[in-house]
Structure formats: structure tokens, C-alpha cells
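Undergrad: got a structure for you, letters missing:
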């Protein structure tokens, strides 16, 4: 681990009211003493108390760089547990760069992406799941993703994993004690007792693995495509959901020739939504390309919203679209209920599959959109999103560790059922223990740590 003093710009590189340059390491106060001059007095910042803020100027030699506020945090009471200095300066991109250049010139080196958080992890302030949640907080696209990330940042997942590991370790220690001292520690009937423990632990791990599916949807958004015949009201629905005129709406069928992509939030759930060209048989070459694209997006979507013009009878194009919806998560919207309708919910009763809903709406008047939100929640989250004690697995690495731990526990169950010697139990229990340790970073290699933190943004 590098222990030299690092520095980076901690705010976005765009003109703003305030910019922050962060310094961390054993020489942080030496560096700031060389470049800071107070507004009043001559006391060095290294002699000031921790967690105090000071007003003055940054100088490069005899040339003033900027007027600043400097925050001091002495080890171990800082984000990295090292001596840390944060310089709050004016938020122009040029002045922020000049301050960073001055800090580097007088003794610090440029931090690598994620190096501040990496030091917090390596110094034992946070575990690996908490470190990963830092970027999840920054990248959160909706309220649910933010709340999930904040729970991990508070150590909720760490506590759950540590409890599982403690239970597994207790059984390993018991087996080893019995094998070392069979006269005083009996293994009679132990297999049955261990089976209950293993089943309970496997059940807990399985819940966490399943949570990763919801986590991906919450973090990245539900890939949603709006399909339907021309002039059914697809673009009107998109405009209503987005809250502004993003798509051109006319009475001319086939106005939308290409796809329009938007990110929207419904009741805290993010939809990565695509409005497509109307699906119909056409001889227009450009329109046909749009129709082919619509079908392609439909095949790759998590959710299909099929908009039907309920003021017109169903035809062969509708039957083709319904065939494309087979065994897919879909919501059929009977649109234009503000007009006289000729298509009813009952017309689709025998055409819908499981995981499909049908709702009467008016995109023009905004009628039925609350029911649309409820249907989406039912389709993807079994009708509710509870965040009281919920823990979500947020990335592939965490899920993989849990899957490996689960495999090891399944092997323990097989060994018990086969009546194998107890030392066979220990081997697989230890593998489960180590895999759970990988998740929170208690037994991971340097290469993996470097790979994880290389994905962080600069200054964090």
C-alpha cells in the first residue's frame, strides 16, 4: 500500500460557486503550511486544532493563487483515517487546477481514481461493501437506489454477512474441537443439528442473491419500450410521462420514424424508456426501417408497454404485436378513453399471458397513469418496495461471492445426507466462510482491490 500524500480535485470540473481540493497523508499539514497564508496572525495550520476551518490565501511562492477556506482533519478522525486537508476555493476550472498544481508542486502526488476511499478501506474504516456503496450513492438515479446505497454505506450488509460468518465459524470451531478432543466433545447427532444451521444460512444467502435482480432494476432502470400501431398515442404517452414535449404529436399516422429514448422516474422507479415507430405493414422504406427497429427493441426490453387506439377496431397489426408479447412482461394500455371507444378490456381477456396487465387510459388527459405505476410495481417488485430492513446486493462481484458460498453450503448438506466424516463438513464450511469474507473484503487480493477502486471517480 502506498502511504505517500495524495491530492485531487473533489468536485466536478465545471464553473461553480465552490471547488474543493482534497489532500490526504502524513505530509498533508506540511504541504498546506508551505502554501497557505492566513488572513490574520502567523500560526501554522499544523499547529491548529483538528476539525477547524481557517480563512486565508493559497500562495505559489510569492504569487497569490486564490482566497480560500481550509478545513483540517487530523488522523485518525478523517475519511481516510489519515491527516486530511480540504481547500475550499472559488469554483472556476482554471483556479481549481492552479490550486491542485500548487499542492502537487509542494509535496503531494496526484491521487489515483478512488484512492481516498481505497485508503479508508485499507485502513479499516469501512469494509469493501461500504466502499462500493460510496460510488453507488454518487451514481444513484432514483430515490430507491439512493436509499439502498445509503443502507450499505451505514454497514447494514456488512452486519448481515458478519452474522452469517460468525455462525459458520462457530460450527467449524466445534468440529475441530471434537476432532482434537473426542473424549470431551461429542459429535453424536451433530449432523442433524448442523443441517438446520446450514439450511438457515443457505436460506439467508439465497434471499440476498435474489435481491440482486431487484437491485439491478432499481439502479440501472427498467428497459422499457413503447409499441403500438401508428397514431395509437405512443408519443403522447411518452410526452405525458416525461412531462414535456419530447416527441412530435400529429394526427398523421407514421410521424415517428426513429426511436426516441428518455429516462423517467415513476414513483421512484427509473424507466429507461424508448418510443418506437408504429408497427404496421408498410411499403415506405424509411418507415419500414423504423418498424424493424421497434421490433428489435421489443425483443430486448424488460417491459413492453403496448398502446392500443381504443377508438378503432383491432386488426391484423394488433394480432402481430400480441404475438410478439407472448410470455413477456407487458402492459396493454387501451388509449383514447376520452373518445368513444370500440375496444374493451374484455376483448383481451383470452389474449393476455401471466405477467401482463390491461388498463384503460387517456394519454392526452393523463388518465390512468397512477394505475400504470402500480402495474409496473406489481410486475417487477411483487406489489411493494419495502426499505425498512431490506438489504440489496448491488453488483456482480458481491453476487458471485454469495453464489460460491451457497454452493459450499449445499456441499455440506450433501455430505451430511451421505453420512460423510465430519472433517468433510469443515472443508466446505471454511470455503463458505472465506467467500463471505470476500464480499466484505476480509480476504481479497490486492489485484481485485485495485480493480474495484479503479472504477471510482477522481477525488473520491
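TA: Right, received. Where do you want to start? Fair warning: this is a prediction, and the values are worked out from it, not measured in the lab.

Undergrad: ok, then the element right after the helix or strand residue 380 falls within?
TA: For residue 380, the host element (DSSP states H and E) is helix 369-381. As assigned by DSSP H and E, the chain's next helix or strand after helix 369-381 is helix 396-417.

Undergrad: Tell me the buried residues in that following helix?
TA: For helix 396-417, a neighbour-count test (16 or more other CB atoms under 10 Å) marks 397-402, 404-406, 408-409, 411-413, 415-416 as buried. No exception for glycine: its C-beta is placed from N, CA and C like everyone else's.

Undergrad: Stretch 185-199 too?
TA: Under 16+ other CB under 10 Å, the buried positions of stretch 185-199 are 187, 190-191, 194, 197-198.

Undergrad: Just the ones of those residues in helices?
TA: Mapping the buried residues of stretch 185-199 onto helices (DSSP state H) picks out 190-191, 194, 197-198.

Undergrad: between the residues you listed, which is nearest residue 326?
TA: Distances from those to residue 326 were compared by CB to CB; the smallest belongs to residue 198, at 40.5 Å.

Undergrad: if I read this right, that closest one contacts residue 408, doesn't it?
TA: No - judged on CB atoms under 8 Å, residue 198 makes no contact with residue 408 at a distance of 9.7 Å.

Undergrad: where do the helices sit along the stretch 151-300 of the chain?
TA: Counting by DSSP state H, counting those that start in this stretch, the stretch 151-300 of the chain has helices at residues 156-180, 190-220, 234-242, 285-300.

Undergrad: tally of neighbours for residue 175?
TA: 20 (other CB atoms under 10 Å).

Undergrad: Next up, the contacts around it.
TA: 187, 190, 422-423, 425-426, 429 (CB atoms under 8 Å, 6 or more residues apart in numbering).

Undergrad: rerun at 7 Å
TA: 422, 425-426 (CB atoms under 7 Å, 6 or more residues apart in numbering).

Undergrad: just residue 37 next, same as before
TA: Contacts of residue 37 by CB under 7 Å, 6+ apart are 56-57, 59.

Undergrad: Kindly recompute the last result at 10 Å.
TA: 56-59, 64 (CB atoms under 10 Å, 6 or more residues apart in numbering).

Undergrad: Which ones among those map onto strands?
TA: 56-59, 64 (DSSP state E).

Undergrad: In CSV, list these along with pLDDT, neighbour count and distance to residue 87.
TA: Formatted as CSV, those follow (pLDDT from 0 to 100; neighbours: other CB atoms under 10 Å; distance: CB to CB, whole Å):
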residue, pLDDT, neighbour count, distance to residue 87
56, 95, 16, 10
57, 96, 15, 11
58, 97, 23, 7
59, 97, 16, 12
64, 96, 11, 14
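
Undergrad: from those, which two are the most distant?
TA: 56 and 64 (10.2 Å).

Undergrad: sorry, back to before: which residues do residue 198 and residue 408 both contact?
TA: Common neighbours of residue 198 and residue 408 (CB under 10 Å, 6+ apart) are 168, 428-429, 432.
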